[in-house]
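Colleague: have a look at this fold, sequence not included:
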C-alpha cells in the first residue's frame, strides 16, 4: 500500500518502481518514475511543451479505445483512461493546474521515456482520484484486483516510449502547424496581396546590390513578398505531410513486440479523426523510430519561412529608413518611442522583433538538425534526442505564429507609401539612362550617366542639353511607368 509521511512543512508519499522506493510529493499526480526524472534532470526548468503533453493525452485515449476493441482491455478501464485523458486536455486548454503535474525537463532521456511514464502515471492517478482511491494506489494489488488502472499494464498497453514519443512529436507539431502557423502565414499573405494591389500604380526606384537600379512598382515588390508567404504556406503544408506517418505500433525497436498487429493503424485512424489531420501508421517502423528525418524536414520548412519573413521585414525597414535622411519610401507606423535620449525618434521595432524571431528559428533548426544526425540523435535502433527536437520545432511554430500576427496588426496595418518621395528618387536616379541605351548606345548612355553624376544633374537634364533624342521621344523613353514592364 502507498504510505504517506510528513517532512517539515511538506508531505510526501512513498512509491515504488523497478529501482526501489522513492518519496514523492503527496499532492502530485505523477509517481516514482517521474520523480526520478525531476531529480535526475534539473537542467533548464523548461518542461516538455504542453503541445506534446496534449498529444500524449490524445494518443493514450485512442490506444485505450483500440485495446478495448481488440479485446485486450476491459471496457471499464478503457473508459476510465479516456476520461482521464480528457481531463488532461481540458486542464491544459484552460491553463489550469494540470500542467504542474508534467514537470519533466526537456533535456531528459533522449527517447522521452520520462515523459511517456509521466503521462502514464498522471493518467493512472487521475483514475484513482475519480474512483475515490488515494493518489499512488495505481500499483496496489487490492486496488488493481478491484478494477484499478496500472500506469504500465493498462495505460501503456501495447506501447513503448520508443514509439509513443515520436508519435506524440508528430501529432503535436502537425497540429500546431495546421491550426496555428498556417492560418497566421496566410493572413500575412492576404495583407501583402492587398497592399500589392493598392500600390500597383506607385513607381519607385529599384535597387540591386543596394545601388540604384531601374524603376519598379511598389506593388510589384509587395507582390513578391506576398508570393513568398504563399510559398511559405505551401511549405508548411508539405511539412505536415512529412509528419503524417506515425511510429506507434513499432514498440521497442520497430518490430512490434508486445502489441497487436492492427494496433498502430487503428490508433492512427482515431488520431486522424480526432485532429482532422490524415495520420497513418508508418510503412516502415524502423525508419519511423530509428530516425526523425520527417521532423528535420519540417524544421527546415520552418527555417525557410523564417528566411522569407526576415527578407520582408528587412526590406520594409530599409525602405522606411529616415525619415528625412534615408530612403523614406515607406512610412512605418509609430508604435513606441524609439530613444531614451533622442526626442521624437521612432524606430522600426516590429521589423527588428520579426528578424530576431527569425534568428531564433534558424538556431532552432540548427539544434534540430544536429539532434537528428547519425551518431548524435540518430543512433542504431532509436533516435535519442527527441525531446529537444520537439521543443525546438514547437518553439519555432509558436514564435513564427506570434510574429505573423504582430506583423499584420502592428506593421502592415498603418504602413503607408510616400508617393512624393518615390517619384523624386526616380527622377534623380542615374539608372534612368537604361532605356536610352537601345537608342543612343550603351557607351553614350554610360557617359551621360557619369556626366549627370559629376554635374549633380538628372539624366533627363543632361540628355535634353545634349539633344540626343527629340523631346517627345525623350519623355517617352524616360517614363518611369513604362520601365516596369517588358516591351510590346
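Modeller: Right, received. Where do you want to start? In this text the structure is predicted, and so the values were computed from the model without any measurement. Numbers count the residues shown, from 1 in each chain.
Colleague: how about the helices in the stretch 101-250 of the chain?
Modeller: For the stretch 101-250 of the chain, helices defined by DSSP state H, counting those that start in this stretch occupy the ranges 113-130, 141-145, 161-176, 182-198, 218-243.
Colleague: nearest to residue 313, of those helices?
Modeller: Of all the helices of the stretch 101-250 of the chain, helix 218-243 sits nearest to residue 313, with 9.8 Å by CB to CB. Any C-beta I mention is one placed from the backbone N, CA and C, and that applies to glycine too.
Colleague: compute the inter-axis angle for the closest one and helix 182-198.
Modeller: 160 degrees (axes from the mean of the first three to the mean of the last three CA atoms, to 10 degrees).
Colleague: averaged pLDDT, helix 218-243. What do you get?
Modeller: The pLDDT scores in helix 218-243 average 98.
Colleague: chain center to it: distance?
Modeller: Put simply, helix 218-243 sits 14 Å off its chain's centre (CA atoms, centre = their mean, to the nearest Å).
Colleague: can you name every helix or strand that it contacts?
Modeller: Packed against helix 218-243 by the contact rule (3 or more CB pairs under 8 Å, 6 or more residues apart in numbering; DSSP states H and E) you find helix 161-176, helix 182-198, strand 203-208, helix 293-319.
Colleague: same thing but 6 Å
Modeller: Helix 218-243 sits against helix 161-176, helix 182-198, helix 293-319, with contacts defined as 3 or more CB pairs under 6 Å, 6 or more residues apart in numbering; DSSP states H and E.
Colleague: what about the strands in the stretch 351-488 of the chain?
Modeller: Residue ranges of the strands in the stretch 351-488 of the chain, as given by DSSP state E, counting those that start in this stretch, are 378-379, 382-383, 416-417.
Colleague: mind checking which of those strands is nearest residue 33?
Modeller: Per CB to CB, nearest to residue 33 of the strands of the stretch 351-488 of the chain: strand 382-383, 18.5 Å.
Colleague: list the contacts for residue 399?
Modeller: Residues near residue 399 by CB atoms under 6 Å, 6 or more residues apart in numbering: residue 357.
Colleague: so which of the strands of the stretch 351-488 of the chain is nearest residue 328?
Modeller: Nearest of the strands of the stretch 351-488 of the chain (CB to CB): strand 416-417, 10.3 Å.
Colleague: quick one: strands adjacent to that closest one?
Modeller: In the sheet, strand 416-417 lines up against strand 330-331 (antiparallel) (DSSP bridges).
Colleague: now the strand it pairs with: average pLDDT?
Modeller: For strand 330-331, the per-residue pLDDT averages 96.
Colleague: contacts for that strand, please.
Modeller: Counting by CB under 6 Å, 6+ apart, 319, 320, 416, 418 sit against strand 330-331.
Colleague: how many neighbours does the nearest residue to residue 97 once chain neighbours are set aside have?
Modeller: Spatial nearest neighbour of residue 97, excluding adjacent residues (CB to CB, 6 or more residues apart in numbering): residue 91 at 7.0 Å. Residues lying near residue 91 (other CB atoms under 10 Å) number 21.
Colleague: so residue 91 sits against residue 99, correct?
Modeller: No. The criterion here is CB atoms under 6 Å, and residue 91 misses it with residue 99 at 7.3 Å.
Colleague: so which of the helices and strands packed on helix 218-243 gets nearest residue 275?
Modeller: helix 161-176 (5.5 Å).
Colleague: next one: the closest one to chain centre, how far?
Modeller: 15 Å.
Colleague: tell me the angle of it relative to helix 293-319?
Modeller: If you take the same axes, to 10 degrees, helix 161-176 sits at 30 degrees to helix 293-319.
Colleague: any residues touching helix 161-176, and which ones?
Modeller: For helix 161-176, using CB under 6 Å, 6+ apart, the contacting residues are 51-52, 55-56, 59, 111-113, 116, 240, 243, 246-248, 250-252, 275, 277, 289, 382, 386, 390, 393, 397.
Colleague: may I see the PyMOL selection of the buried members of those residues?
Modeller: Entered in PyMOL, the line below selects the buried ones among these, by 16 or more other CB atoms under 10 Å:
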select buried, resi 51+52+55+56+59+111+112+113+116+240+243+246+247+248+250+251+252+275+277+289+382+386+390+393+397
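Colleague: follow-up on the earlier one: which among the contacts of strand 330-331 count as buried?
Modeller: By neighbour count, with 16+ other CB under 10 Å, the contacts of strand 330-331 hold 319, 320, 418 as buried.
Colleague: what residues are up against the second one?
Modeller: Under the criterion of CB under 6 Å, 6+ apart, the contact partners of residue 320 comprise 330, 332, 348.
Colleague: which ones are touching the residue nearest in space to the middle of the chain?
Modeller: Most central in the chain under CA atoms, centre = their mean is residue 397, positioned 1.4 Å from the mean C-alpha point. Contacts for residue 397 (CB under 6 Å, 6+ apart) come out as 176, 177, 181.
Colleague: roughly how far apart are the closest residue to it other than its chain neighbours and residue 98?
Modeller: Using CB to CB, 6+ apart and skipping residues adjacent in sequence, the residue nearest residue 397 is residue 176, 4.6 Å away. From residue 176 over to residue 98 the distance is 19 Å, taken as CB to CB, to the nearest Å.
Colleague: I'd assumed residue 110 was in contact with residue 387.
Modeller: No. Contact criterion CB under 6 Å: residue 387 and residue 110 do not qualify, at 7.1 Å.
Colleague: those two: which has the busier surroundings?
Modeller: More crowded of residue 387 and residue 110, by other CB under 10 Å: residue 387, with 28 against 19.
Colleague: can you list the weak-confidence ranges in the chain?
Modeller: Counting by pLDDT under 70, the chain shows low-confidence ranges at 1-9.
Colleague: domain parsing for it?
Modeller: Structural domains annotated on the chain: 28-155, 161-420, 429-484, as defined by automatic domain parsing.
Colleague: reformat the ones you listed as JSON lines; add distance to residue 17.
Modeller: Converted to JSON lines, the domains of the chain look like this (distance: least, CB to CB, whole Å):
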{"stretch": "domain 28-155", "distance to residue 17": "4"}
{"stretch": "domain 161-420", "distance to residue 17": "14"}
{"stretch": "domain 429-484", "distance to residue 17": "71"}
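Colleague: quick one: which of those domains is nearest residue 14?
Modeller: Among those, domain 28-155 sits nearest to residue 14 (CB to CB), with 8.3 Å.
Colleague: and the end-to-end length of that closest one?
Modeller: 18 Å (CA to CA, to the nearest Å).
Colleague: list the contacts for the nearest residue to residue 299 once chain neighbours are set aside?
Modeller: Distance criterion CB to CB, 6+ apart; nearest residue to residue 299, sequence neighbours excluded, is residue 368 at 4.1 Å. Residue 368 sits next to 299, 389, 392, 393 when contact means CB under 6 Å, 6+ apart.
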